[in-house]
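Novice: I would like to see how this sequence folds:
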Amino acid sequence: MAEFRAIFAANVVSMLGSVVAAVALTVLVYQQTHSPALAASVMALSFLPYLVGGVLFGAAADRMPPRRVLVTCDLASACLVGCMVIPAMPLPALLMLLFATGLISPLYQGVRSAVLPDVLTPGPSYILGRSLMRMVAQVAQVAGYGAGGLLLAIFSPRGALAADAVSFATSGLVLRAGMARRPAAGGPRQRSMARDSLAGLRAALTHRPTRRVLLFSWLVPACAVAPEALAAPYATHIGQPARVAGFLLTAIPVGTIAADVFAARFLSTRLQRAAIVPAALVSFVPLAGFAASPGLGLALTLLVVAGLGSAWAAGVDGALLDAAPPDLRSRALALSSAGLMFTQGVGFAVWGVVGQYLPLPAAIPLAAAAGAAVVVALRPSRSNAETCGSE
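Specialist: Below is the predicted model:
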């Protein structure tokens, strides 16, 4: 468990640094351009690289020693973010550095996901470890944006970016000291990284049980992000100031944190698998209540309850390990992480467009209906559930 503690600590440091940097870079771009659209492009560029990096670097989980990859990724990110601190850096160069940093993220997260089953024994300890990693991401949303605002009240945006560069370097040092050296899972390959990655992507998506679990884990969150994508316009819709959107954005993560801890800590493997469908539906049933344009208090309550539905993720974590053949496991885990981030970004864009053309009391319930349809269409088959439950 000492090795997992090092991975977990490094993740906390780098994740909080990244969230703070996103706030700082958004402010910096807006200060330079006074353009809301260009400032928003910072968030868009944080999702797009997951498609490119996930497709082209997915083979790294099999081809390269995990500790070396993770430490190198952290140090490279520290250098790239450090370059953003250079005074008078042109806006195109800032966005290129942001995109390059984003290309590293799917490689880092994919390798980290693939090595976790080796660090933690598959079973309850692995599920708990995965849940703790997700909890860090959710806490970063709740606390990181506040920390970013506090830092910007003390330092300049470039000062906050410098703090992010230090956080990446610190994460790399923690991993270097705390992780064991492991050889590449699949050994050297004849093909190029890109060709090997594409072949692994094709193999994972053509394996029907693996594809079904991956699609479930991608499309359910892509629909569930609708109220977050529409938080700012919804705040205006109910007559609240724009800053209220910050409260709406933290509601689902609060429920998600509680659900992850409860499902991973207190539910057996059988109950985790049995809860996948009902919990996923809980993610969407409260969103139907937005058809009545609830006020702030009720809206926050509905969103927290929707976040509790994220308990489905604990069962899906184990289901993916069971569904993927041993030779595809690392690729499937890496693909799961990259695909989740990319499809969530697509979800933000899609529901933003829907909210542009439909009234908000119709747009959010439409997302709920789409999500419920995904849950029903991609629910675990009876045979898989029985196999998983007997373990």
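
Novice: gap between the lengthiest helix in the chain and the chain center?
Specialist: Across the chain, the longest stretch assigned as helix under DSSP state H is helix 2-33. Centroid displacement of helix 2-33 relative to its chain, using C-alpha atoms, centre = their mean, to the nearest Å, is 13 Å.

Novice: make 170 the first number, not 1, from now on.
Specialist: Happy to do that; since the first residue is 170 now, the last one works out to helix 171-202.

Novice: name the helices or strands packed onto it?
Specialist: helix 205-216, helix 235-253, helix 260-288, helix 293-308, helix 314-323, helix 326-347 (3 or more C-beta pairs under 8 Å, 6 or more residues apart in numbering; DSSP states H and E). Yep, even glycine has a C-beta here, placed from its N, CA and C like the rest.

Novice: quick one, it and helix 260-288 angle?
Specialist: On the basis of axes from the mean of the first three to the mean of the last three C-alpha atoms, to 10 degrees, helix 171-202 is oriented at 170 degrees to helix 260-288.

Novice: against P218, how distant is the residue positioned nearest the centre of the chain?
Specialist: In the chain, the C-alpha nearest the mean C-alpha coordinate belongs to M510, at 4.8 Å (C-alpha atoms, centre = their mean). Separation of M510 from P218 (C-beta to C-beta, to the nearest Å): 9 Å.

Novice: repeat that for F337.
Specialist: For F337, the distance to P218 equals 16 Å [C-beta to C-beta].

Novice: repeat for A262
Specialist: Distance from A262 to P218, counting by C-beta to C-beta: 16 Å.

Novice: and if you look at V545?
Specialist: Using C-beta to C-beta, V545 is found at 32 Å from P218.

Novice: who has more neighbours, those two?
Specialist: The neighbour comparison of V545 against P218 (other C-beta atoms under 10 Å) goes to P218, with 23 against 11.

Novice: where does the residue nearest to the centre of the chain land on pLDDT?
Specialist: Looking at M510, its pLDDT reads 79.

Novice: name the nearest residue to it, ignoring sequence neighbours.
Specialist: In space, and not counting its chain neighbours, M510 is closest to Y219: 4.2 Å by C-beta to C-beta, 6 or more residues apart in numbering.

Novice: for that neighbour, helix, strand, or coil?
Specialist: Look at Y219: counting by DSSP: H, G, I helix; E, B strand; the rest coil, its state is helix.

Novice: quick one, what contacts it?
Specialist: G271, S274, P275, A507, G508, M510, F511, G514 (C-beta atoms under 8 Å, 6 or more residues apart in numbering).

Novice: mind running it again at 7 Å?
Specialist: S274, P275, A507, M510, F511 (C-beta atoms under 7 Å, 6 or more residues apart in numbering).

Novice: what do you get for M253?
Specialist: By C-beta under 7 Å, 6+ apart, the residues touching M253 are L194, L263, L266, L330.

Novice: picking up where we left off before, just the buried ones among the contacts of Y219, please.
Specialist: The neighbour count (16 or more other C-beta atoms under 10 Å) marks S274, P275, A507, M510, F511 as buried among the contacts of Y219.

Novice: domains of this protein?
Specialist: Here the domain parsing of the chain from automatic domain parsing is 170-347, 369-560.

Novice: worst average pLDDT in those domains?
Specialist: domain 170-347 (a mean of 78).

Novice: could you report the neighbour count for A546?
Specialist: Residues lying near A546 (other C-beta under 10 Å) number 11.

Novice: what's the burial count for A171?
Specialist: A171 has 9 neighbours, counted by other C-beta under 10 Å.

Novice: just to revisit the earlier point, export the contacts of M253 to JSON lines and append columns for neighbour count and distance to L469.
Specialist: Shown next, in JSON lines, are those (neighbours: other C-beta atoms under 10 Å; distance: C-beta to C-beta, whole Å):
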{"residue": "L194", "neighbour count": "28", "distance to L469": "28"}
{"residue": "L263", "neighbour count": "19", "distance to L469": "35"}
{"residue": "L266", "neighbour count": "20", "distance to L469": "37"}
{"residue": "L330", "neighbour count": "26", "distance to L469": "32"}
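
Novice: circling back to that earlier point, wait, which of the buried ones among the contacts of Y219 is closest to T425?
Specialist: M510 (15.4 Å; C-beta to C-beta).

Novice: do you know how far that closest one is from I445?
Specialist: Note on M510: its distance to I445, by C-beta to C-beta, is 21 Å.

Novice: could you do P235 as well?
Specialist: Using C-beta to C-beta, we find P235 at a distance of 29 Å from I445.

Novice: W520 now?
Specialist: Distance, W520 to I445, using C-beta to C-beta: 23 Å.

Novice: do the same with L285
Specialist: L285 is 20 Å from I445, by C-beta to C-beta.

Novice: likewise L383?
Specialist: 14 Å.

Novice: list residues touching both of those two?
Specialist: With C-beta under 7 Å, 6+ apart, L383 and I445 have no common neighbours.

Novice: how about the nearest residue to Q278, chain neighbours excluded?
Specialist: By the measure of C-beta to C-beta, 6+ apart, the closest residue to Q278 outside its immediate chain neighbours is S506, 4.3 Å from it.

Novice: thought the one you found was touching S282?
Specialist: Yes. S506 is within contact range of S282, at 4.8 Å (criterion: C-beta atoms under 7 Å).

Novice: which neighbours do the two have in common?
Specialist: Shared contacts of S506 and S282 (C-beta under 7 Å, 6+ apart): none.

Novice: F268 and M253, how far apart?
Specialist: Using C-beta to C-beta, we find F268 at a distance of 12 Å from M253.
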